[in-house]
Every structure is written in structure tokens, then in C-alpha cells.
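Undergrad: Provided below are the primary sequence and the corresponding predicted coordinates.
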Amino acid sequence: MIFMEPIIRKRKIEDSNELAHAIALIWNDTYKGIVDDDFLKGLLDNEKTSAERLKKSINDQQDYYVLTLDDKIIGWIYYTLDSDKYEDAAEIHSLYILKEYQGNGYGKMLYDYAVKNIRQKEIQKLIIGCLDGNPSNDFYKHLGGKYIGNHLFREKYIENIYLFEL
Ligand SMILES: CC(C)(COP(=O)(O)OP(=O)(O)OC[C@H]1O[C@@H](n2cnc3c(N)ncnc32)[C@H](O)[C@@H]1OP(=O)(O)O)[C@@H](O)C(=O)NCCC(=O)NCCS
């Protein structure tokens, strides 16, 4: 049996269609009952628009990485070296592993990769938001995140904020 090596690399413009599809799938898996059904359905119906948005933002989103297994995108992480929510902190905006690949250490692998890069920039704080009701809140607590409060996301969803001292 051949074991495939996971690879982390920067997202490319050619990833946009595959990534838009993966984002629509994982949002529908993760946020059913948390985010409005209409919004989730819209993601599935408008993958082309999402792909165009991803293409346009490629130069603005420098730290956007995908995790591939045998050339298939199975996860991704997007972070910035600053945050409008917390001073002197980097922020992870997006961290997802496709449902069928969860629980194999890939989420932690992407998190560790981001933390290594952020530390190299001599940034010692990191924040992550997670929608209330998402079981992934416990993932961030498990990784050592400290709950520091919440705010409204898209004007109606409660997003919990976790702070990591790196
Ligand atoms: C959250 C997510 C990124 C974690 O990735 P993963 O590959 O499934 O998790 P890993 O296998 O890397 O787990 C790493 C550690 O976290 C723990 N863990 C994973 N998910 C957890 C959860 N929901 N609650 C508590 N602990 C969790 C694991 O047990 C493991 O612990 P260990 O290192 O002590 O053995 C992934 O499950 C996911 O994409 N979930 C749906 C989307 C989502 O909610 N993303 C976050 C948006 S804010």
C-alpha cells in the first residue's frame, strides 16, 4: 500500500474552482442549524461567483495555504499577521478540513504550520474566532486557546474569540 504524503502549499489561482466547491461543502457540513439555510444553499448554488472572488483576492491574501493529499485539496488555512479585533495579534480567519479527512491530525498540522510562520515574524499573539454552537470551539480550547469574549459576525451570529499566547 502506498501512503500519500500531505503537502502544505500556497493556494494558486488554478485552485479556485476546487476550493470554492470545498468551501461550499464544508460550510454546509459545519454550519447546518447554525447559519441560515438560505445562505448555505447560496454557497452551493453560487460556486462560480465564489471561485471568481477567490481568484480576485489571490494577491491580497498572501497567507492562504492548502493541504493536499495526492493533489486533492483536503484542507486549508488563511491567516493575517494582524487583526482588527486584537492589538499586536495575528488572526486565523479560516481553518477547515474536509469532513471525511477530519480527526487525522491535519487540522493541527495546518495550525502548527501557521503558528511557526507567525512566530518567525516575532508575533506572540494569535486570535481565532469560532461561531457559537460549532463543536470546533472545543478544538481551539484543546489547542490552548483562551476565550476572551465574543462579537457579532455578519450582524447576527455570535462568534467566540480565542487568544493564543505563542
Ligand atoms: C476543527 C478542525 C479544523 C480540526 O481538524 P482535524 O483534522 O479534525 O483535527 P486534528 O485531527 O488535527 O485534531 C488535533 C487535536 O485536536 C483534538 N480535536 C479535534 N477536533 C476536536 C473537537 N471538535 N473538540 C475537541 N478536540 C478536538 C483531537 O482530538 C486532537 O487531539 P490530540 O492532538 O490531543 O490527539 C476540523 O475538524 C474541521 O475542519 N472542522 C469543521 C470546520 C470548522 O469548524 N472549522 C473551524 C472554523 S472556526
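TA: Great, that's in hand. Numbering: from 1, shown residues only.
Undergrad: got the contact list for stretch 87-105?
TA: Counting by Cβ atoms under 8 Å, 6 or more residues apart in numbering, the neighbours of stretch 87-105 from elsewhere in the structure are 22-23, 25-26, 29-30, 67, 69, 74-83, 85, 106-107, 110-111, 114, 118, 121, 123-129, 163. To be clear about C-beta, it is placed using only N, CA and C from the backbone, and glycine gets the same treatment.
Undergrad: state the mean pLDDT of it.
TA: What stretch 87-105 shows for mean pLDDT is 97.
Undergrad: still on that earlier bit, drop anything exposed from the contacts of stretch 87-105.
TA: By neighbour count, with 16 or more other Cβ atoms under 10 Å, those hold 22-23, 25-26, 30, 67, 69, 74-80, 83, 106-107, 110-111, 114, 118, 123, 125-129, 163 as buried.
Undergrad: ok, the nearest residue to Leu126 once chain neighbours are set aside - how many residues close by?
TA: In this structure, Leu126 finds its nearest non-sequential neighbour in Phe164, 4.3 Å apart by Cβ to Cβ, 6 or more residues apart in numbering. Neighbourhood size, Phe164 [other Cβ atoms under 10 Å]: 20.
Undergrad: average pLDDT for the helix or strand hosting Phe164?
TA: Element membership for Phe164 (DSSP states H and E) is strand 157-165. Averaged over strand 157-165, pLDDT sits at 98.
Undergrad: contacting residues around the residue of the chain found nearest the ligand?
TA: Relative to the ligand, the nearest point of the chain is Gly107 (1.9 Å; Cβ to the nearest ligand atom). Residues in contact with Gly107 (Cβ under 8 Å, 6+ apart) are Gly75, Leu95, Ile97, Phe139.
Undergrad: check the residues you listed one by one and keep those near the ligand.
TA: Leu95, Ile97, Phe139 (Cβ under 6 Å from any ligand atom).
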